[in-house]
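J.: Here is the input, now give the coordinates:
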Amino acid sequence: MCGILLKFITMRKAVILLATLLLTGLISNGQGKSPFVYQDSNTRLQFGGFVRTVAFADFGGIVPHYDFRNALMSVPGQWHNDSRLSLDASGTRLSFKAVQKTDRLGDIEFYIESDFRGSGDALRLRQAYVSFKGIIAGQTWSFMTDLPANATTIDVQGVNSRTFLRTPLIGYRGVIDQNLSYGIALEFPSVRYTVTADYRAVNQRLPDLPFYVQYKGERGHLKLAGMLRVLDYGVNSSEEIESKAGFGAQLSGSLKAAAGLTLYSQAILGKGISRYINDLALVSVDLVPDQANDGLQTLPMYGISLGAKSDFAKDLYATANISVAGLMNKEDYFSANEYYTGSYFSASLFWNAARNMTIAGEFIHGTRKNMGDEKGSANRLQVMFMYKW
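T.: Model prediction:
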């Protein structure tokens, strides 16, 4: 009964949003504009989003998630969990953007975005922020994230080494010249622990501090980013809080190598930065027991990806990605059934069949290797239908 009620409430919210969107469209249509845009002298309102349906089949091992996430694979594989067929529309999104021109603060932008990936396919907040004069505050992409540095996939989460994180933050972006920009932010800290009876998880007292410098030209971009963290944990015997430092560096970018060919790459290296790496964000390795000394420790970790996009025609293109991520050694921390490394390969074909309508197909192969050298793997074939407005 509760589940039915929750779905009814979710549906009611979606209907209200769509009704509001249509009402705004009627108003703006009178001005001869897009049915999803309203604009007067100093304010612009825009409704956006897409309907996205994906049918997929896993075989030779499965990933129990609508995104292909290596860290969730069974290791070793299980005979009764070797294949499955599924259909998912929860990636459908709704967004609203408002821009107001002011004399004192310039353009003030407000943005909110949601999808249906909450519990039980409930409406969920993806992004909500306000920005002006280079300042941005709210929930949005981490300053470490570089979305244009990876080739497009149907798989929303993308390659397993990717930095793909939305988080509450307060940040500033500035411009040095027409090609060079920079940014720095205070981001909400979240730490994943593996603790023993002697230690405990505690509230974090200091924000994460990411920063970057980016060059963007006609043929692509290059982004150099860094991260500083302070990770707190509690010591039960002394009832005191101890801290460990976490840090990371990332180099990412894209390059139009030739007519119809674009290359992508991203590499990240650091200690205690698992929340910033797709695979490692799912396992508790920010702080783990230090077997040689008392207390907890941060672990060295990495992620590397390469990608490519080839344009066959105006409305037809293919992409491919290869990626690895994991911990750098077993000496600092060893538990046989814990995640050690993972690999990801994807090949995709996208067809813009009509205005705003995309049809795509994709194959993904991934592996997971545990510290005890046991391996698991999975394959996925999927097809996507998406209408965007």
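J.: In its sheet, which strands sit next to the helix or strand hosting Glu109, and in what direction?
T.: Using DSSP states H and E, Glu109 sits in strand 106-115. If you go by DSSP bridges, strand 106-115 pairs up with strand 93-102 (antiparallel), strand 124-132 (antiparallel).
J.: now those strands as JSON lines including mean pLDDT and distance to Asn337?
T.: For every residue, glycine as well, the C-beta is placed using N, CA and C. Compiled in JSON lines, these are given as follows (pLDDT from 0 to 100; distance: least, CB to CB, whole Å):
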{"stretch": "strand 93-102", "mean pLDDT": "95", "distance to Asn337": "36"}
{"stretch": "strand 124-132", "mean pLDDT": "97", "distance to Asn337": "31"}
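J.: tell me the SS of the spatially most central residue of the chain?
T.: By CA atoms, centre = their mean, the chain has its centre lying nearest to Phe164, at 2.8 Å. State at Phe164, reduced to three classes by DSSP: H, G, I helix; E, B strand; the rest coil: coil.
J.: residues touching the residue lying closest to it once chain neighbours are set aside, list them.
T.: Excluding the flanking residues, the one nearest Phe164 by CB to CB, 6 or more residues apart in numbering is Asn278, at 5.5 Å. By CB atoms under 8 Å, 6 or more residues apart in numbering, the contact set of Asn278 is 69, 157-164, 303, 325.
J.: and the end-to-end length of stretch 159-172?
T.: The first residue of stretch 159-172 is 28 Å away from its last residue (CA to CA, to the nearest Å).
J.: Quick check: buried residues in that stretch?
T.: 159-167, 169, 171-172 (16 or more other CB atoms under 10 Å).
J.: Same question for stretch 132-141.
T.: 132, 136-141.
J.: Stretch 286-293 too?
T.: Buried positions in stretch 286-293, judged by neighbour count with 16+ other CB under 10 Å: 286-289.
J.: and if you look at stretch 44-52?
T.: Using 16+ other CB under 10 Å as the test for burial, stretch 44-52 gives 45-50, 52.
J.: do stretch 303-314 as well
T.: Across stretch 303-314, burial judged by 16+ other CB under 10 Å covers 303-309.
J.: before we move on, what about stretch 37-45?
T.: Buried residues in stretch 37-45, defined by neighbour count with 16+ other CB under 10 Å: 37-38, 45.
J.: Take those and write them to TSV, including pLDDT and secondary structure.
T.: Formatted as TSV, those follow (pLDDT from 0 to 100; DSSP: H, G, I helix; E, B strand; the rest coil):
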residue	pLDDT	secondary structure
Val37	88	strand
Tyr38	87	strand
Leu45	93	strand
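J.: isn't Phe143 right next to Ile170, touching?
T.: No. Using CB atoms under 8 Å, Phe143 is not in contact with Ile170, being 10.7 Å away.
J.: list the residues that contact both of those two?
T.: Common contact partners of Phe143 and Ile170 (CB under 8 Å, 6+ apart): Ala185.
J.: Turn the buried residues of stretch 37-45 into JSON lines, columns for distance to Gly376.
T.: Converted to JSON lines, the buried residues of stretch 37-45 look like this (distance: CB to CB, whole Å):
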{"residue": "Val37", "distance to Gly376": "48"}
{"residue": "Tyr38", "distance to Gly376": "51"}
{"residue": "Leu45", "distance to Gly376": "48"}
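J.: from those residues, which single one is nearest Ala318?
T.: Within the buried residues of stretch 37-45, proximity to Ala318 (CB to CB) peaks at Val37, which comes in at 32.4 Å.
J.: what separates the closest residue to the closest one other than its chain neighbours from His221, distance-wise?
T.: In space, and not counting its chain neighbours, Val37 is closest to Gln46: 5.0 Å by CB to CB, 6+ apart. Taking CB to CB, to the nearest Å as the measure, Gln46 falls 25 Å from His221.
J.: quick one: pLDDT of Asp107?
T.: pLDDT, Asp107: 95.
J.: got a list of what it touches?
T.: The contact partners of Asp107, taken as CB under 8 Å, 6+ apart, are 99-101, 132.
J.: rerun that using 7 Å as the cut-off
T.: Counting by CB atoms under 7 Å, 6 or more residues apart in numbering, Asp107 touches 99, 101, 132.
J.: cool, Val75 as well?
T.: Here Val75 is in contact with 368, 370, 374-376 (CB under 7 Å, 6+ apart).
J.: Same check on Gly307?
T.: Contact partners of Gly307, counting by CB under 7 Å, 6+ apart, are 150-151, 264, 319-321.
J.: Look up the residues forming beta bridges with it.
T.: Taking DSSP bridges as the rule, Gly307 bridges to Tyr264, Asn321.
J.: Remind me which helix or strand the nearest residue to Ile176 once chain neighbours are set aside belongs to.
T.: Distance criterion CB to CB, 6+ apart; nearest residue to Ile176, sequence neighbours excluded, is Tyr182 at 6.5 Å. Per DSSP H and E, Tyr182 falls inside strand 180-187.
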